[in-house]
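Chemist: A structural model of the following input is requested.
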Amino acid sequence: MDSMNLEQRKPTAFLAALLLAAMTARAATAPLDEEIVVHVQKDGPEISLDIDCPLDAPWPIVWEVLTDYDHMARFLSNLEASDVLERADNVLRVHQKGKAYMGPFTMNFDNVRRIELVPYDEIRSRIITGDMKASFVTRIVRVGEQIHIVNSGRYTPDVWVPPIIGPALIEAQARRQFGELRAEILRRAAKSDGPA
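Modeler: Alright, predicted model coming up:
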């Protein structure tokens, strides 16, 4: 006879659902997006994220897409809204609203970021109001003949992230988001006749 009661089964069922979601998210990743390297590390409540996204596209178009905050909700599926609230030289205040997906669970976010642009190589982003603390640096670098978008940052979500499955789900979501960024860059590059 099974001695495990219903209360003891709930955490097991929850972890099983998260594991299934992580495996499903990994399996659903487009083959092209497998080139995107994502490293997630959890240290207590803080998550560190390092991403390397290679692509073949003209540098100006890469910069254009990475800084197109007014239209970002059109090509990033996790965004419902993205608007530049204020622009002073190379410093922007950007409002973004959307949903982050953790397998079968959804986390809504609504934040304002302070973004400092260092044309045409680096974007420094820090959440100044919203659901979590976060700061990221995105750089465009050339490695050999290929351009790479290199993103690194730290954030503290306002929900508990399980130690093993959580980072796997965050990895899948980051890979999907950078896959969508890359797809938009390549779409615009295909329409452009400019030099690489």
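Chemist: Where does Q177 sit, in terms of helix or strand?
Modeler: Assigned by DSSP states H and E, Q177 belongs to helix 165-191.
Chemist: Same question for V159.
Modeler: Going by DSSP H and E, V159 is not in any helix or strand.
Chemist: out of everything not next to it in sequence, what's closest to the residue sitting nearest the centre point of the chain?
Modeler: In the chain, the C-alpha nearest the mean C-alpha coordinate belongs to A174, at 4.0 Å (Cα atoms, centre = their mean). With Cβ to Cβ, 6 or more residues apart in numbering as the criterion, A174 has its nearest non-adjacent residue at 4.8 Å, and that residue is V38. The way it works is simple: take the backbone N, C-alpha and C, and place the C-beta from them, glycine included.
Chemist: I'd like the distance from the helix holding Q177 to the chain centre, please.
Modeler: Taking the mean of its C-alpha atoms, helix 165-191 sits 7 Å from the chain's own mean (Cα atoms, centre = their mean, to the nearest Å).
Chemist: repeat for stretch 180-196
Modeler: Counting by Cα atoms, centre = their mean, stretch 180-196 comes out at 20 Å from the chain centroid.
Chemist: Stretch 65-84 now?
Modeler: With Cα atoms, centre = their mean, you get 12 Å for stretch 65-84.
Chemist: Point out where the protein drops to low pLDDT.
Modeler: Residue ranges of the chain with pLDDT under 70: 1-32, 102-105, 193-196.
Chemist: got the buried residues for the lengthiest strand in the chain?
Modeler: Across the chain, the longest stretch assigned as strand under DSSP state E is strand 105-118. By neighbour count with 16 or more other Cβ atoms under 10 Å, strand 105-118 contains the buried residues 109, 111-115, 117.
Chemist: Taking these, tell me the two that lie furthest apart.
Modeler: F109 and L117 (22.1 Å; Cβ to Cβ).
Chemist: Spit out the contact partners of N111.
Modeler: 95-97, 127-132 (Cβ atoms under 8 Å, 6 or more residues apart in numbering).
Chemist: most neighbours, which of the residues you listed?
Modeler: Highest neighbour count within the contacts of N111, by other Cβ atoms under 10 Å: Q96, with 21 neighbours.
Chemist: If you count neighbours, what's buried in stretch 177-193?
Modeler: For stretch 177-193, using 16+ other Cβ under 10 Å, the buried residues are 177-185, 188-189.
Chemist: partners of the one helix or strand L49 maps to, with directions?
Modeler: For L49, the element it lies in under DSSP H and E is strand 46-55. Strand 46-55 pairs in its sheet with strand 37-43 (antiparallel), strand 146-156 (antiparallel), by DSSP bridges.
Chemist: could I have that strand exported to CSV, CA atoms only?
Modeler: Taking Å, rounded to 0.1, in the frame of the first residue of the first chain, the C-alpha atoms of strand 46-55 are listed here in CSV:
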residue,chain,number,x,y,z
GLU,A,46,20.2,35.8,-7.7
ILE,A,47,20.5,34.6,-11.3
SER,A,48,23.5,35.3,-13.5
LEU,A,49,23.0,35.0,-17.2
ASP,A,50,25.7,34.9,-19.9
ILE,A,51,24.7,34.7,-23.6
ASP,A,52,26.7,34.5,-26.8
CYS,A,53,24.6,34.8,-30.0
PRO,A,54,26.6,34.5,-33.3
LEU,A,55,25.2,35.8,-36.5
